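Chemist: after the sequence you'll find the predicted model.
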Amino acid sequence: MEKSSQIRKLIIAAAVVVLAVLFVGGFAKGKDMMYHLVNRGALGPLTRADIQYQNVDAPMATSNDGTVNANDWKELYPYIVTTMGDNKKNDYVVSYLEQDPYLVNIYEGYGFAKDYGSARGHEYCLEDVSKTQRPHAKANCLTCKTPNMAKLVNDMGVGVYSMSFDEVMSLMEENVSCYTCHGNDAGNAGKITITHSYVQKALGENMAAIDPATLSCGQCHIEYYFTPADSETMMPYHSVAEMTPEAILAYYDSIGFSDWTQESTGAKLLKAQHPEMETFLSGKHAALLNCADCHMPIEQAEDGTVYHSHLLVSPLENETLLSTCAECHGDTDMVQMVHRLQDRVTARETEVGNKLAEFNDALADAVQKKTLSETKLDEVRKIYREAQWFFDFCYVENSEGAHNSELSFHCLDTSEAKIEEGMKLLGN
């Protein structure tokens, strides 16, 4: 009797342990599995293993430059081409200059003080670059707007970047499309091809350290500059380790590079682009995920075809992608959590951005009134360049902290510290 009682106690204890494990370490995951099953119906959670890749030959190119375009691929990959075209749905634009008026002050003397809005979907790339009020005398402004530009550079060399914008624009046929990430290769088994030559030139063998599904996006969603010698688009680093804002700033300093000299302050300034890949790769999520995992849901068509949707979306707006978050975050309300984080980053950007504008005014005033020696002014100009760079690195990165909140706050804190240092030197 005593023995059987002990057995029952052991069984109960074991059950309690199992339930505790499920609750503390696995209940959320169990819930997420149910989420997957509900989300995907009887099929259950979809993964890349469910995609039945075709083994095909690339179709004949119909573009004038020999690029195999989306229409050429449509018969073989109808769902992919259709969803890629759906990026036209992303058509809203927010004017950052109206939203954050202090930017006009910070970007004074540069094109972004005239026209700066949120980017629309890839289907608008050529239309938007042709209509922007920012000047673009050279063709290098087309680098990431169309696969035809990459093909032209690959065929003719870097001299294309220095050609007239209007001349090259007249040759462009397609917005960001299949060639951008797959070249003219058949793309069998989802093979990705990095088509922009500057990526290969900058990273070389270090390309292998980056997931191709991240690097394909990182061909364009990066910080870059135009080389003074031939206006070639170029990355300011050679490895992932050199992608920090500090390392990039040091690189620009070492080659004496600036995007423009601001007339009112005399400061030689940098305009950060959109360092999404750099920000993401230095964050905790890069070890687990790539860009496609979070922005390209795996879908199933009515005929049973499983494919990667090429409608690029926020994971906060797609239940399939949200279920990926649940694998680690359990039953956390991810939409609420990320929006709160983004609100904090945005509020901090506004705070630091207004301080930076005040620093700009104070420096411009000191230059005009000649209250400091030129040597002292140059010291303050250098600090202003650094403060503006760290602020901009965060501000122009389009995730508003979601890709790497630690880096976002670090950049804003660093900018603020430099603003305070510079203002002290100005006597403010």
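Modeler: Done, it's in.
Chemist: list of residues touching the strand or helix carrying Cys394?
Modeler: In the assignment (DSSP states H and E), Cys394 maps to helix 374-395. Contacts with helix 374-395, where a contact means CB atoms under 8 Å, 6 or more residues apart in numbering, come from 106, 223, 245, 249, 258, 265-272, 275, 345, 349, 352-353, 356, 359-360, 363, 366-367, 372, 407-408, 411-412, 414-416, 418-419, 421-422, 425-426. Backbone N, C-alpha and C define where each C-beta goes, glycine included.
Chemist: that one: which residues count as buried?
Modeler: Within helix 374-395, the residues scored as buried using 16 or more other CB atoms under 10 Å are 377, 380-381, 383-395.
Chemist: neighbours of the closest residue to Asn105 other than its chain neighbours, how many?
Modeler: Closest residue to Asn105 apart from its sequence neighbours, by CB to CB, 6 or more residues apart in numbering: Ala357 at 4.2 Å. With neighbours defined by other CB atoms under 10 Å, the count for Ala357 comes to 19.
Chemist: swap in Gly353?
Modeler: Neighbourhood size, Gly353 [other CB under 10 Å]: 22.
Chemist: how about it: what's its closest non-neighbour residue?
Modeler: Among residues not flanking Gly353 along the chain, Tyr102 sits closest, at 4.8 Å (CB to CB, 6+ apart).
Chemist: any idea how far Tyr110 is from that neighbour?
Modeler: Counting by CB to CB, to the nearest Å, the gap from Tyr102 to Tyr110 is 14 Å.
Chemist: number of residues surrounding Lys151?
Modeler: By other CB under 10 Å, 25 other residues sit near Lys151.
Chemist: for whichever strand or helix holds it, output the C-alpha coordinates as CSV.
Modeler: Using DSSP H and E, Lys151 sits in helix 147-156. Extracted C-alpha coordinates of helix 147-156, given in CSV (Å, rounded to 0.1, in the frame of the first residue of the first chain):
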residue,chain,number,x,y,z
PRO,A,147,17.5,46.2,-62.5
ASN,A,148,18.3,47.8,-65.9
MET,A,149,20.8,50.1,-64.2
ALA,A,150,22.6,47.2,-62.5
LYS,A,151,22.6,45.4,-65.9
LEU,A,152,24.0,48.4,-67.6
VAL,A,153,26.8,48.7,-65.1
ASN,A,154,27.5,45.0,-65.3
ASP,A,155,27.7,45.3,-69.1
MET,A,156,29.5,48.6,-69.5
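Chemist: how far does that helix sit from its chain's centre?
Modeler: Computed by CA atoms, centre = their mean, to the nearest Å, the chain-centroid distance of helix 147-156 equals 23 Å.
Chemist: can you check stretch 272-286 too?
Modeler: Distance, stretch centre to chain centre, for stretch 272-286: 7 Å (CA atoms, centre = their mean).
Chemist: what lies in contact with that stretch?
Modeler: Here stretch 272-286 makes contact (CB under 8 Å, 6+ apart) with 210, 214-215, 217-218, 221-224, 240, 243-245, 248, 291, 294, 389, 392-393, 395-399, 403-404, 406-408.
Chemist: rewinding a little: the contacts of helix 374-395, buried ones only, as a ChimeraX selection?
Modeler: Entered in ChimeraX, the line below selects the buried ones among those, by 16+ other CB under 10 Å:
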select :106,223,245,249,265,266,267,268,269,270,271,272,275,345,349,352,353,356,359,360,363,366,367,372,407,408,411,412,414,415,416,418,419,421,422,425,426
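Chemist: got the angle between the helix or strand harbouring Met423 and helix 374-395?
Modeler: Assigned by DSSP H and E, Met423 belongs to helix 405-425. Orientation check (axes from the mean of the first three to the mean of the last three CA atoms, to 10 degrees): helix 405-425 against helix 374-395 gives 160 degrees.
Chemist: next secondary structure after the helix holding Lys151?
Modeler: Remark: after helix 147-156, the chain's next helix or strand is helix 165-169, criterion DSSP H and E.
Chemist: how about the helix or strand just after that next one as CSV, C-alpha atoms only?
Modeler: Going down the chain from helix 165-169, the next helix or strand is helix 178-182, by DSSP H and E. This file holds the C-alpha atoms of helix 178-182, laid out as CSV (Å, rounded to 0.1, in the frame of the first residue of the first chain):
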residue,chain,number,x,y,z
CYS,A,178,13.5,39.6,-60.6
TYR,A,179,16.9,40.4,-62.0
THR,A,180,17.8,42.5,-58.9
CYS,A,181,18.0,39.4,-56.7
HIS,A,182,18.3,36.5,-59.1
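Chemist: helix 178-182 packs against which elements?
Modeler: On a contact count with 3 or more CB pairs under 8 Å, 6 or more residues apart in numbering; DSSP states H and E, helix 178-182 meets helix 147-156.
Chemist: what's next to the helix it packs on, contact-wise?
Modeler: 63, 65-67, 69, 139, 142-143, 160-161, 168, 171-174, 176-180, 195-197.
Chemist: buried only: go through these for me.
Modeler: Looks like the contacts of helix 147-156 have 63, 65, 67, 69, 139, 142-143, 160-161, 168, 171-174, 176-180, 195-196 buried, using 16+ other CB under 10 Å.
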